[in-house]
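[1] Here is a sequence with its predicted model. Questions after.
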Amino acid sequence: MLTGVITRIKGYALAAAGALLFLAFAYLRARQDGKNAAMIEQARKRADAARQKKESDDEVDRMCADRRRDELGRWMRDR
């Protein structure tokens, strides 16, 4: 009788340990997926910023000197 109770307790303990292991694995996996998603979003934002900078640089390169001076004058504080 005592042997049956001990066997049953061992079974429950193993099941609980398995459930905890599964939950820990699921938590770590979700956390890693979140990190990966954040890294992908950050890379996308960096690529967008680089594209915008290149477009802006190209636009300035196409301007003549007078227009560059006029555009710069719009951004200067002392007039």
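    In hand now; what should we look at? Numbering: from 1, shown residues only.

[2] By residue count, tell me the biggest helix in the chain.
    helix 2-62 (DSSP state H).

[3] Now it: average pLDDT?
    Helix 2-62 comes out with an average pLDDT of 95.

[4] roughly how far out does it sit from the chain middle?
    Averaging C-alpha positions (C-alpha atoms, centre = their mean, to the nearest Å) puts helix 2-62 10 Å from its chain's average.

[5] What of stretch 70-79?
    With C-alpha atoms, centre = their mean, you get 38 Å for stretch 70-79.

[6] Repeat that for stretch 69-79.
    That offset, for stretch 69-79, works out to 38 Å (C-alpha atoms, centre = their mean).

[7] Using CSV, list the CA coordinates for that stretch.
    This file holds the C-alpha atoms of stretch 69-79, laid out as CSV (Å, rounded to 0.1, in the frame of the first residue of the first chain):
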residue,chain,number,x,y,z
ARG,A,69,22.0,78.9,-50.1
ASP,A,70,18.3,79.9,-50.2
GLU,A,71,17.3,76.5,-48.6
LEU,A,72,20.0,76.8,-46.0
GLY,A,73,18.8,80.3,-45.2
ARG,A,74,15.4,79.0,-44.3
TRP,A,75,16.9,76.9,-41.6
MET,A,76,19.2,79.6,-40.1
ARG,A,77,17.9,81.4,-37.0
ASP,A,78,19.5,84.9,-37.5
ARG,A,79,18.1,86.7,-40.5
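
[8] How many neighbouring residues does Gly18 have?
    As a burial measure, Gly18 scores 10 neighbours (other C-beta atoms under 10 Å). C-beta coordinates here come from the backbone N, C-alpha and C atoms, glycine included.

[9] just Ala16 next, same as before
    Ala16 has 10 neighbouring residues, counting by other C-beta under 10 Å.

[10] Now do the same contact list for it.
    Contacts of Ala16 were listed using C-beta atoms under 8 Å, 6 or more residues apart in numbering, and none were found.

[11] how near is it to Phe22?
    If you measure Ala16 against Phe22 using C-beta to C-beta, to the nearest Å, the figure is 11 Å.

[12] re earlier: and the next helix or strand after the longest helix of the chain, what's its mean pLDDT?
    Using DSSP states H and E, the helix or strand that follows helix 2-62 towards the C-terminus is helix 65-75. The average pLDDT for helix 65-75 rounds to 88.
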